[in-house]
Structure formats: structure tokens, C-alpha cells
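> Build the 3D model from these lines:
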Amino acid sequence: MSMFSAKGYRYAGAACFPAGCNGGDSYMSHEPVGVVIVGTGLIARFHAQAVNASEKLKLVAVVHPVEGHGDAFAAEFGVPLFHDCDEALSRSDVGMVLVASPSGAHDEAVLAAARHRKPVLVEKPLTISSERADRLIAACEETGTPLGGIFQSRFTDEFRKLKETVDSGSLGRITFVRVDVPWWRDDSYYAGSWHGTLDMDGGGALINQAIHMVDWLTALMPPVADVKSFTATLAHQMEAEDTAAAVLRFEGGALGAIYATTASYPGRPKRMEITGTKGTYVYEDSAHGVSRPDQLEFTAHQRCFEAFADSLNGGDPYPIDGRESRVALDLITRIYAENVRKDA
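Reported below is the predicted structural model:
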């Protein structure tokens, strides 16, 4: 059994590379997989750094849809810039696509990858609603295009230890799970940006900042049976919420709580507490990156990307395929649907 409970499938071979697919035997070599990054923003920079740090990957192009944007990024990493995704994906040296554009723009890039049958790995969230996620999953499945989600936190030693502890039964019956993401973002993070907008971010603190911990929760616990929630915008001028709180009941009876905010100055480490009848496991992240998103490091991203590339080369199935990527988004969609909005 893998350390992940996620559904996955081996991408290489006839089952996933039907006639005409730009995959198959070419992925069975051990040459670096050529990577196109869609997007040239902050997270795309970490993607590029992770790719360049890997012997299994090679950055071959970047895409920004708007003329006059992305030139400095392309020059910095020494690759050609495209403003048309289809044109970039027509290159013969493209083995996989990393989507790092604003969340609401993921769909266009994923559908382009499906048209060209290029394996595609998408930054969280897969898109901004469960309904839209279904369309992306269907498009990739219809063309046999490998689709995965970038949840790099699943590739950390901390998650592995936590999952091993939960799966071992050493905590006894799980009775309560609490997730806290008490972060801070100043007004400049949202001003003039797609962040915190409904059409491009899909929401605020919950879907953007807290989704990795929500993903941990859904990977470790049974499905959620009931949700009650509140959201509010308390400290920023933005369309979506900067604070969210939800109470959960899982199948089997355990309870849970999620607290997510970007209004907790100066920002504290994210935290997960799992309580059972025989013990309690507390995970607390270091303060690194809590209030400075530009100070993230890319080791977990590199592990994530290499796992996807390995799956294309006949290795273990990538654990967070399109359907597994949808699970955390589904819960967030439910929390938003059930919420009572109360602003200051």
C-alpha cells in the first residue's frame, strides 16, 4: 500500500495512451521530461525553480496569454515565451504541462492539454467549482490525458508521518479533527489582483490559503456527512471572505472544525490536531512562509513534479489524479454553499 490512500493509475501504456496520443513509448525513456509552464507569476517561479532543480525534468517553454507579459520570466529561465497555449503544446519536446495561472483560468489550459493529449499537472485548486472540475476531468478522461493536482504538501515527511500514525490505529478511534490556518495577507496582496475575487480565485482564505490542509483532512478522514459554516470579510477590501469557520461531522461520527483566515496579524503557523481515544497527534508547521508567500521553498513541489513524471515513465501511479484533486474542492464547495455570510 502506498503512503497515500488516493486513487491513482499508472499513466504509461496503451490504456492511457491510445492511438494518436502524444505519449506512449516516448515516456518510457529516462530522458528528462520536457515541461511547459502556463503562467509567469509568483507560483510559476517556484515551479520553474523546482523543474530546474530536477534531473528528471527540463523546462522547455512558458505561456502567458497576454502580449507584453512574461518576457522577463522567459528570459530569466532561458526558454521561449508563447502567448497561445495551443501553439506551445504543439511542440514535440513537450512531455507535461504545469498549470500555474490564476485559478479561474486553469480550465483553458487543462482543456488545451486535453486537446493535445499532453499530461497536465494543475496548481491547487483544480478549478474554482466542482461543476467545472467535472468538465476538466471528463475532457482528460475522454482523450486519455493524464491529469493530476499539485498538492505538494502530500509529499512532505510531515504528511507521511501523520498518515502512518492515523493508519496504524495508534490514536484509537478518531473523535475530533481541527485544522487552523491563521495567516496574514496585507492589502497589497489583494489590491488590483485576482486574489480574493470570485471569478478568478473562487473565494478567499478557504479555497486559496487553507486548501492544502483541507486536502490533508480529506485524505486522512472518512467522507464528510454534514457541514455548517460561516464566512466573513473583516480586514480587507475584497469580494470574497478573509475569514471562514466550519464545523464538520464525518461518516462514522467523528467531528471536525476548520478555521481559515488571512486576517490574523502577523500570521501564525498552520496547524492540525487529530484527537483519538488512545492519543492525540498535533502537527504545527514552522513559521516559514506563514506571512510571506514570496519566501516559500520548492522541495515539496519538486517531489510532486517528479512523482508525476515517474508515473509517465512507468513508475508508481501519481497519487493525486483529477478525481482525487476534486475531493478537497468538493468539501470547500460544500462549505461555501452552506455558509452564513456575516461581514463587519
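> ok, which stretches of the stretch 201-344 of the chain are helices?
Along the stretch 201-344 of the chain, the segments classed as helices by DSSP state H, counting those that start in this stretch run 211-220, 299-312, 322-338.
> Just list what the first one packs against, helices and strands only.
For helix 211-220, the contact count by 3 or more Cβ pairs under 8 Å, 6 or more residues apart in numbering; DSSP states H and E identifies helix 157-168, strand 174-182, strand 255-261, strand 271-276, helix 322-338 as packing neighbours. C-beta here means a position set from N, CA and C on the backbone, and glycine is covered the same way.
> which stretch among those comes nearest residue 144?
Between residue 144 and the helices and strands packed on helix 211-220, the shortest gap by Cβ to Cβ is with helix 322-338, which sits at 12.4 Å.
> for residue 162, what are its contacts?
216, 220, 272, 274, 281, 283 (Cβ atoms under 8 Å, 6 or more residues apart in numbering).
> can I get those residues in a markdown table with pLDDT, neighbour count and distance to residue 96?
As requested, the contacts of residue 162 are exported to a markdown table (pLDDT from 0 to 100; neighbours: other Cβ atoms under 10 Å; distance: Cβ to Cβ, whole Å):
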| residue | pLDDT | neighbour count | distance to residue 96 |
| --- | --- | --- | --- |
| 216 | 99 | 25 | 25 |
| 220 | 98 | 19 | 28 |
| 272 | 98 | 21 | 31 |
| 274 | 99 | 25 | 34 |
| 281 | 98 | 18 | 35 |
| 283 | 97 | 18 | 31 |
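> rewinding a little: what would the helices and strands packed on helix 211-220 look like in a markdown table with distance to residue 34?
Below are these laid out as a markdown table (distance: least, Cβ to Cβ, whole Å):
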| stretch | distance to residue 34 |
| --- | --- |
| helix 157-168 | 29 |
| strand 174-182 | 35 |
| strand 255-261 | 37 |
| strand 271-276 | 37 |
| helix 322-338 | 22 |
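> So which residue is dead centre in this protein?
residue 124 (2.5 Å; Cα atoms, centre = their mean).
> I'd say it and residue 213 touch.
No. Counting by Cβ atoms under 8 Å, residue 124 sits too far from residue 213 to count as a contact (11.2 Å).
> Where do the domain boundaries of this structure fall?
24-151+296-321, 154-292+330-341 (automatic domain parsing).
> Quickly compare these and say which is most buried.
Sort the domains of the chain by mean neighbour count, taking mean count of other Cβ atoms under 10 Å, and domain 24-151+296-321 sits at the top with a mean of 20.
> how far out from the middle of the chain is that one?
12 Å (Cα atoms, centre = their mean, to the nearest Å).
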